[in-house]
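Visitor: Sharing a model that was predicted from the sequence below.
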Amino acid sequence: MDKQDKAWRKIQEEQVRIREDAMKAVRCPPVREFRQMLGLSLEQLAELCFVKVADVQKWEHGQSEPEVAQRVLILKILEVAKEKGFISDPDRD
C-alpha cells in the first residue's frame, strides 16, 4: 500500500468515526411511536424525511436507523408539532 492509499484509508476511517459520533449525538424518538403520535402514515413520514417508505419501515422494525440528516428532520418535525400544539410537550406542562 503506497502513501496515497494510506492517506485515503485514514480519511475514510475518520469519516466513519465522525458519522458514528454524529449518530450518537443526534438522538431521535422511536420512529413508529413518533409517527403514530403525530398521526402520520408511512408515506407521509417518508416524504417529510426525503426517503423511501421502505426506509421508514426498516427504521420501525430496527433493521436500520435514520441517518443524521433524517434524525434532524424528525426532531424538527417534533419541535414544530409541539409549537403548533399538535402534541403536548411534557417539559412545558
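Guide: All right, it came through fine. This one's a predicted model, so the numbers in the text were calculated from it and none came from an experiment.

Visitor: Least confident secondary structure element in the protein?
Guide: Using mean pLDDT, DSSP states H and E, helix 3-25 stands out as the lowest-scoring helix or strand of the chain, at a mean of 85.

Visitor: Leaving out the residues flanking it, which one is nearest to Met23?
Guide: Of all residues beyond its chain neighbours, the one nearest Met23 is Val68 (6.2 Å), with distances taken as Cβ to Cβ, 6 or more residues apart in numbering. Any C-beta I mention is one placed from the backbone N, CA and C, and that applies to glycine too.

Visitor: do Glu43 as well
Guide: Counting by Cβ to Cβ, 6+ apart, the residue nearest Glu43 is Val53, at 5.7 Å.

Visitor: And Arg35, by the same measure?
Guide: Using Cβ to Cβ, 6+ apart, the nearest residue to Arg35 is Leu45, at 5.0 Å.
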